[in-house]
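>>> Below are the sequence and a predicted model; questions follow.
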Amino acid sequence: MHFGHANQLRQAKAMGDYLIVGVHTDEEVRLNKGPPVLTEQERYKMVRSVKWVDEVVEGSPYVTDLETMDKYQAEFCVHGDDITLSADGTDTYQIVKDAGRYKECKRTQGVSTTDLVGRMLLMTRANNVSQSSDQGLPSQVICHS
């Protein structure tokens, strides 16, 4: 989870009184997007820690359906203005869009999970190159928690 996700949750919360956030399982993410960066348990904990989130639905379906929304008494669904596709290429929010129960928030420009992973890989590579050219002394320190 990064600043862009938090910004989407802030915008979504401003659209209603109670924010329920669906978080997908590792299996659903792997099937539709590729290997998850964080485990589903890590994602559940991170989303729960966001101050605008009132409730988390664990194992939320990747393709949002009306049955799930009705189960949680959700009037509408919110997502960023970037389209999300399932493994078969369909819009994961088309069902709720067709039902008139979809709202959009603005995507945070300049930040994405793909970009962050790429930056981390570049930093690791740069650090390894630096270490070998500096006789094993790193030029920068990267702390992980």
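Sure, I can see it.
>>> from here on, contacts and neighbour counts on C-alpha atoms
OK.
>>> all strands of this protein, in order?
Assigned by DSSP state E, the strands in the chain fall at 20-23, 55-58, 77-80, 102-105.
>>> now the ones you listed as CSV including mean neighbour count, distance to residue 92 and mean pLDDT?
Conversion of those to CSV gives the following (neighbours: other Cα atoms under 10 Å; distance: least, Cα to Cα, whole Å; pLDDT from 0 to 100):
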stretch, mean neighbour count, distance to residue 92, mean pLDDT
strand 20-23, 20, 13, 95
strand 55-58, 15, 17, 96
strand 77-80, 20, 10, 92
strand 102-105, 16, 11, 94
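>>> low-scoring stretches of the protein, by residue?
2-3, 111-114, 116-117, 125-145 (pLDDT under 70).
>>> now the helices: where do they sit in it?
Using DSSP state H, the helices found in the chain span residues 3-14, 26-32, 40-48, 66-71, 94-98, 113-133.
>>> Let me know which of those helices is the nearest to residue 88.
Across those, residue 88 has its closest neighbour in helix 26-32 (8.3 Å, Cα to Cα).
>>> Packing partners of the closest one?
Packing contacts for helix 26-32, counted by 3 or more Cα pairs under 8 Å, 6 or more residues apart in numbering; DSSP states H and E, involve no helix or strand.
>>> list the buried ones in that helix?
26, 28, 29, 32 (16 or more other Cα atoms under 10 Å).
>>> Would you convert these into CSV that also reports distance to residue 38?
CSV is the format used below for those (distance: Cα to Cα, whole Å):
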residue, distance to residue 38
26, 9
28, 13
29, 10
32, 15
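>>> Quick check: the farthest pair among those residues?
26 and 32 (10.0 Å).
>>> quick one on the thing from earlier: what would the strands of the chain look like in a markdown table with distance to residue 37?
Formatted as a markdown table, the strands of the chain follow (distance: least, Cα to Cα, whole Å):
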| stretch | distance to residue 37 |
| --- | --- |
| strand 20-23 | 14 |
| strand 55-58 | 17 |
| strand 77-80 | 20 |
| strand 102-105 | 23 |
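>>> And for residue 40, the neighbour number?
Per other Cα atoms under 10 Å, the neighbour tally for residue 40 reads 18.
>>> Does it touch residue 26 like I think?
Yes - if you go by Cα atoms under 8 Å, residue 40 and residue 26 touch, sitting 5.5 Å apart.
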